[in-house]
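Predicted model and sequence follow; I will ask about them next.
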Amino acid sequence: MKETYNALINTQEFASQIHPQLKLVSKPSTEFVPQVLNRSIASILKAGVTKRDIEEEDPFFVCDLGEVARQHAQWKRLLPRVQPFYAVKCNPDPAEIQLALDAGVDSSRIIYANPCKQASHIKFASSKNVNVMTFDNADELYKIKMVAPESQLVLRILTDDSKSVCRFGVKFGASLSIVPYLLETAKSLNLDVIGISFHVGSGCFDATSFTDAVELARKAFDIGEALGFNFTLLDIGGGFPGNNPEGLQFKDIAALLGPTIDRLFPPHIRVISEPGRYFVSSAFTLAVNIQARRVVSLDAEGNPTDPTHDENPSFMYYINDGMYGSFNCITFDHAVVKMKPLCRSGTFMYEQEHSLKLFESSVWGPTCDSIDLIGRNIFLPEMKIGDWLSCSHMGAYTIAAASTFNGFKKSNVIYTDTN
């Protein structure tokens, strides 16, 4: 069994495998390291859409590893005490436990952070010396005792995730009232619990959610210490925003979170985190090709009708990536995707201002499924078959859950380093 899920990889070691300016811990395998260009995103997009670097009209990502490195440098500068462990599920490119090990990441730098695991997956992780794993219920403790009793366990507590886009509290996390029972159960099973973890939800938009959760974690630490446990680890989870000019900024979270951790936890307590979108969201730009279109009018309810001689028609564009592919983030991550013209009638338009007339449009994916709708009420200049659109900030929860439904392959990734 090679599949194990929700692995967290120490970012310093993992990033060193893909970026030369970060400390190289061990030699990565040749299969892991992709070809990395040293060109601007714009130049790669331009070459791609003019068919000099890729064939036909297939969609493709441009991944800027330099952006990942810049995010890592910012983390170390603003939140130096907290050691980031990349949340692999956000963008496993490549990742999960076996792939991480193949990349040269030491097993001690991996945490199996799914509180509810399949027994065979626990056994596999243990066989690879991935021994740190989370739990939030008594049944999980009995399972771990049976399969991997040498594990080092982290209790995931329930916190308020009401101020996050994606809430996890309905599925994971033990309330503070049940913490004594769970720790007593672990003690009776002679299991080693080494600390507390929490997750405020993915896409958190309130910095105080983090500090409130740290306060709860301190209470859980106190309960553990009263029962005789020697906790040494605090995992503050994820939910940190990516490099986006809109909304809550990481610097605002760090300004509150850092002092709170220092006030409540002495220096000997190791503090880690689980950032995912923080690292990869802004690193990926997606280019898609318009493979078909319909010129229509809209009725009073906004539904398309047959075309008329209306001077302001609406357009239905059909592109070659969709909801079953990279745009699954719209459904699963509540993402708001912004599309811009990339190449129109042979003119490259990436990050260029224009005064072209805009038309109300809808954009559809390539499958034969009617729910493959990326968005309505998208205003674009008139585009034609063969033109290209671009979407920025497409690194988080996009290709991670993409499928090949209806025979359409996943979008290719081209790597560059702009540092």
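Ah, there it is. Residues are numbered from 1 along each chain as shown.

The nearest residue to residue 362 once chain neighbours are set aside: neighbouring residues, count only.
Closest residue to residue 362 apart from its sequence neighbours, by C-beta to C-beta, 6 or more residues apart in numbering: residue 376 at 4.6 Å. C-beta coordinates here come from the backbone N, C-alpha and C atoms, glycine included. When counting by other C-beta atoms under 10 Å, one arrives at 16 neighbours for residue 376.

Kindly report the same for residue 226.
For residue 226, using other C-beta under 10 Å, the count is 10.

mind giving me the domain split of this protein?
Domain ranges of the chain: 7-32+65-278, 282-416, per automatic domain parsing.

export the longest helix along the chain as CSV, just CAs?
In the chain, taking DSSP state H as the definition, the longest helix is helix 208-226. Backbone C-alpha positions of helix 208-226 (Å, rounded to 0.1, in the frame of the first residue of the first chain) are rendered in CSV as follows:
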residue,chain,number,x,y,z
THR,A,208,-8.0,36.4,15.9
SER,A,209,-9.2,32.8,15.0
PHE,A,210,-5.5,31.8,15.3
THR,A,211,-4.9,33.4,18.7
ASP,A,212,-8.1,32.1,20.1
ALA,A,213,-7.1,28.6,19.1
VAL,A,214,-3.7,29.0,20.7
GLU,A,215,-5.5,29.9,24.0
LEU,A,216,-7.5,26.7,23.7
ALA,A,217,-4.3,24.7,23.0
ARG,A,218,-2.7,26.1,26.1
LYS,A,219,-5.7,24.7,28.2
ALA,A,220,-5.3,21.3,26.5
PHE,A,221,-1.6,21.4,27.4
ASP,A,222,-2.5,22.1,31.0
ILE,A,223,-4.9,19.1,31.0
GLY,A,224,-2.2,16.9,29.6
GLU,A,225,0.5,18.0,32.1
ALA,A,226,-2.0,17.4,35.0
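
Strands of the stretch 1-150 of the chain, start to end?
Here the stretch 1-150 of the chain has its strands, by DSSP state E, counting those that start in this stretch, at 7-10, 36-37, 60-64, 82-87, 110-112, 132-135.

worst-scoring helix or strand of the chain, pLDDT-wise?
helix 11-16 (a mean of 50; mean pLDDT, DSSP states H and E).

for the residue lying closest to residue 197 once chain neighbours are set aside, what are its contacts?
Nearest residue to residue 197, sequence neighbours excluded (C-beta to C-beta, 6+ apart): residue 235, at 3.4 Å. Counting by C-beta atoms under 8 Å, 6 or more residues apart in numbering, residue 235 touches 85, 111, 113, 134, 154, 195-198, 271-274.

still on that earlier bit, so which of the strands of the stretch 1-150 of the chain is nearest residue 148?
strand 132-135 (8.0 Å; C-beta to C-beta).

Show me what the closest one is in contact with.
110-115, 117, 122, 125, 141, 144, 148, 151-156, 182, 194, 197, 235.

Might you report the residue contacts of the residue positioned nearest the centre of the chain?
Most central in the chain under C-alpha atoms, centre = their mean is residue 90, positioned 2.7 Å from the mean C-alpha point. With contacts defined as C-beta under 8 Å, 6+ apart, residue 90 is in contact with 276, 277, 279, 280, 396, 397, 400.

Can you lay out these as a markdown table showing neighbour count and pLDDT?
As requested, the contacts of residue 90 are exported to a markdown table (neighbours: other C-beta atoms under 10 Å; pLDDT from 0 to 100):
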| residue | neighbour count | pLDDT |
| --- | --- | --- |
| 276 | 25 | 92 |
| 277 | 26 | 91 |
| 279 | 28 | 95 |
| 280 | 28 | 95 |
| 396 | 26 | 94 |
| 397 | 27 | 92 |
| 400 | 21 | 91 |
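
Tell me the one among these nearest to residue 203.
Using C-beta to C-beta, the contacts of residue 90 come closest to residue 203 at residue 277, 7.2 Å.

Using CSV, please lay out the contacts of residue 90 together with secondary structure and distance to residue 61.
Output for those, formatted as CSV (DSSP: H, G, I helix; E, B strand; the rest coil; distance: C-beta to C-beta, whole Å):
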residue, secondary structure, distance to residue 61
276, coil, 17
277, helix, 15
279, helix, 15
280, helix, 11
396, coil, 12
397, coil, 14
400, helix, 12
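
now, among those residues, which is nearest to residue 413?
residue 280 (11.3 Å).

which residues does the closest one contact?
68, 90, 91, 242, 395, 396 are the contacts of residue 280 under C-beta under 8 Å, 6+ apart.

Skip the chain neighbours and tell me the closest residue to it.
residue 395 (3.6 Å).

same deal with residue 383?
residue 290 (5.5 Å).
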